[in-house]
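Colleague: A predicted structure for the sequence below; I have some questions about it.
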Amino acid sequence: MFDSLMFGGFLASTVVQNALLIGAAAAVLSGIVGVFTVLRGQSFAGHALADVSSAGGALSLLLGINPMLGFFGLGLLGALGLTGRRRGDGDLAAGILLGTGLGLTALLLHFAVTMRGVAGAAVSVMFGSLFAAPPGAGVLAFFAALAGILLLALIYKPLLLASLDSELASVRGANIRLVAGVFLVLLALAVTLSAMAVGAILSTALLIGPAAAALRVSRRPWVAMLLAALFGVACCWGGVALAYASYDWTPGRVWPVSFFITSLVLLVYAAASWRRQ
Amino acid sequence: MSLTVTNLTVRYGGREVLRDVGFALEPGAFCGLIGANGSGKTTLLRTILGFETPSAGRVERDGTVGYVPQKLQIAADMPVRARDLVALGLDGHRLGFSWPSAGRRRRVEEMLASVDALAFADQRVGELSGGQLQRVLIAHALVSGPKLLLLDEPLANLDLRAAAEIVALLKRVAGQGVTVLISAHDMNPLLGAMDRLVYLANGRAASGRTEQVVRTEVLSELYGYHIDVIRVHGRILVVAGNAEAHHHHDHDHVAAIP
């Protein structure tokens, strides 16, 4: 496998380079945003946004536009739907949003297959197709992740205080509605990038897994964010490498990247939990 | 006045939780907000903080306010140390990035020292005991220099020693000119420290010095039925009495009230 990776043109392939860049961008932003998603108890909202964004992914296939625009556009609409909800209401709204999003995805995928003849549309949107990402998507993902990190840096302190206790933050004078709204936009951006890497259905794994693992072993917020990003990148790049190597295991057929990435996420989380004990 | 509450009425779904409540606190006052569970203490504090909108009356505050909530639901894996929580009291509302400064670190250190929390300053907030967390929350509330400090049942779930230490700490805070309003369902731990109290029952309030308010006539009027105030070994017991039985010197009380 090592020979296959190092000498088989793994890093020389532009397809692989694109995949590695998208994976890293998705992993870094999802890891950082994921830390707050876990602390704020918004994992379900993240999953719902991912499912809504899948409708955007399907729409992009139907319209022939950049998938990132489709994923993020619908994810943003979903985020607007969840803005301003209290925690209990938020779960209800997220549940309804999730069902609506998946229903819309089913319809749009149907049209994409029957009207435009896009082969493998469902697998591509729901389970990702890193190796089939359009050229330039990696660079776009990189800048999207950078913008997300800068936005999070802007709201970092009130977000951290509100994640501890929203009333404490409110008494201290933080605009918690603004912070919660901006965070949902960041969540939509993170699941968009993750959806491009591992598919909409599995994007929650990249959002929650590395962050949860990092939180098990960190005592400081910035350490948790850094570790979550590193864990995520390691899982993504490891997954891409293993998928690339799988070409030799079953000649002519590459195993799904998403399978390897989510399996590595599980292993990292299990290792972090074991270390904590 | 640091805090003036005038004719305050708060309704939830048609039910009057607070009715015509009024009192005023001077700078540096240490005031107990006393009442049974469900008497409206938390509602009153939340209305003073601006979380609830009164149906009538008004709240006037002079200067900034610090708040210590009754409970903090901390996620088990919250990667925030005690000193981080105190620092967030300083600039947790600010948007934008700022580099750590020596002045900020020094201010946090001083505040941790003033509440005797230096020993556990580097522990995660989720690992602190009830008394330790109260100290850190008080430091968080005070680090920005508020004129008024509101505490919602900070002594609940603390053992006697920890409760006494927190009361002594708050008394020191009041001595520095900060007005302290502390809610409690049991007034006894506060008896030696309170300058005055606001007693809530049936949504109504009586306020003044302890000996002025905690009297049979005042509390009976507040509750709407006969109340006995019993003083035993420096402690005060407020118990529901039977007016007729009381008249016949029968002290078969039916329920204890804070």
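Modeller: Cool, got the structure.

Colleague: got the contact list for the residue nearest to A:A162 when sequence neighbours are not counted?
Modeller: Among residues not flanking A:A162 along the chain, A:A169 sits closest, at 4.0 Å (CB to CB, 6 or more residues apart in numbering or on different chains). Quick note: C-beta positions are derived from backbone N, CA and C, even for glycine. Under the criterion of CB atoms under 8 Å, 6 or more residues apart in numbering or on different chains, the neighbours of A:A169 are A:158, A:161-162, A:176, A:179, B:92-93.

Colleague: Just the element for A:A169, please.
Modeller: For A:A169, the element it lies in under DSSP states H and E is helix A:166-171.

Colleague: Could I have the CA atoms of that helix written out in CSV?
Modeller: Taking Å, rounded to 0.1, in the frame of the first residue of the first chain, the C-alpha atoms of helix A:166-171 are listed here in CSV:
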residue,chain,number,x,y,z
SER,A,166,-26.8,32.1,27.3
GLU,A,167,-28.2,34.1,30.2
LEU,A,168,-24.7,34.8,31.6
ALA,A,169,-23.8,36.0,28.1
SER,A,170,-26.9,38.1,27.9
VAL,A,171,-26.4,39.8,31.3
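
Colleague: Could you pull up the mean pLDDT of that helix?
Modeller: The average pLDDT for helix A:166-171 rounds to 92.

Colleague: Tell me the secondary structure at B:N7.
Modeller: Of the three states, B:N7 takes strand under DSSP: H, G, I helix; E, B strand; the rest coil.

Colleague: Surely it touches B:G22?
Modeller: Yes - using CB atoms under 8 Å as the test, B:N7 is close enough to B:G22 to be in contact (5.6 Å).

Colleague: and the next helix or strand after the helix holding A:A169, what other elements does it pack with?
Modeller: Scanning the chain past helix A:166-171 towards its C-terminal end, the next helix or strand to appear is helix A:176-198 (assignment: DSSP H and E). Taking 3 or more CB pairs under 8 Å, 6 or more residues apart in numbering or on different chains; DSSP states H and E as contact, the helices and strands that helix A:176-198 lies on are helix A:14-39, helix A:43-63, helix A:67-82, helix A:137-164, helix A:166-171, helix A:203-216, helix A:257-276.

Colleague: ok and helix A:176-198 relative to helix A:203-216, angle-wise?
Modeller: Between the axis of helix A:176-198 and that of helix A:203-216 there is an angle of 110 degrees, by axes from the mean of the first three to the mean of the last three CA atoms, to 10 degrees.

Colleague: so how far is helix A:176-198 from its chain's centroid?
Modeller: Distance, stretch centre to chain centre, for helix A:176-198: 9 Å (CA atoms, centre = their mean, to the nearest Å).

Colleague: again with stretch B:169-177
Modeller: Between the centre of stretch B:169-177 and the centre of its chain there are 14 Å (CA atoms, centre = their mean).

Colleague: Residue ranges in chain A under the pLDDT threshold?
Modeller: By pLDDT under 70, the weakly predicted segments of chain A are A:1-9, A:85-88, A:277.

Colleague: From chain B, how far out is the most centrally placed residue in it?
Modeller: Nearest to the mean C-alpha position of chain A, by CA atoms, centre = their mean, lies A:S194 at 2.5 Å. Taking CB to the nearest CB, to the nearest Å as the measure, A:S194 falls 21 Å from chain B.

Colleague: How about A:A243?
Modeller: Using CB to the nearest CB, we find A:A243 at a distance of 31 Å from chain B.

Colleague: quick one: that residue is in a helix?
Modeller: Yes - read with three-state DSSP, A:A243 is one of the residues of a helix.

Colleague: excluding its backbone neighbours, what's nearest it?
Modeller: Of all residues beyond its chain neighbours, the one nearest A:A243 is A:V257 (4.2 Å), with distances taken as CB to CB, 6+ apart.

Colleague: Kindly report the same for B:V178.
Modeller: In space, B:V178 comes closest to B:L149 once its chain neighbours are excluded; the distance is 5.3 Å by CB to CB, 6+ apart.

Colleague: Can you report how many residues lie near that neighbour?
Modeller: When neighbours are defined as other CB atoms under 10 Å in any protein chain shown, B:L149 has 22 of them.

Colleague: Surely it is within a helix?
Modeller: No - remark: B:L149 does not belong to a helix; assigned using three-state DSSP, it is strand.

Colleague: Okay, and residue 122 sits in which element?
Modeller: By default, I'm working from chain A. Assignment of secondary structure by DSSP H and E places A:A122 within helix A:121-127.

Colleague: could you do chain B instead?
Modeller: Taking DSSP H and E as the criterion, no element holds B:D122; it sits outside all helices and strands.

Colleague: Next, give phi and psi for it.
Modeller: Torsion angles at B:D122 (phi, psi; degrees, to the nearest 10) stand at phi -100, psi 10.

Colleague: any idea of the pLDDT on it?
Modeller: For B:D122, the model assigns a pLDDT of 94.

Colleague: Find the nearest non-adjacent residue to it, please.
Modeller: Computed as CB to CB, 6+ apart, the closest residue to B:D122 that is not its neighbour in sequence is B:R81, at 5.3 Å.

Colleague: for the one you found, which residues make a bridge with it?
Modeller: Listed beta-bridge partners, B:R81: B:R124 (assigned using DSSP bridges).

Colleague: Surely it is in contact with A:R219?
Modeller: Yes - between B:R81 and A:R219 a contact is recorded at 6.3 Å, counting by CB under 8 Å.

Colleague: Please, where are all the strands along the stretch 151-258 of chain B?
Modeller: When assigned using DSSP state E, counting those that start in this stretch, the strands of the stretch 151-258 of chain B occupy the ranges B:179-184, B:196-201, B:204-208, B:227-232, B:235-240, B:255-257.

Colleague: That'll do, ta.
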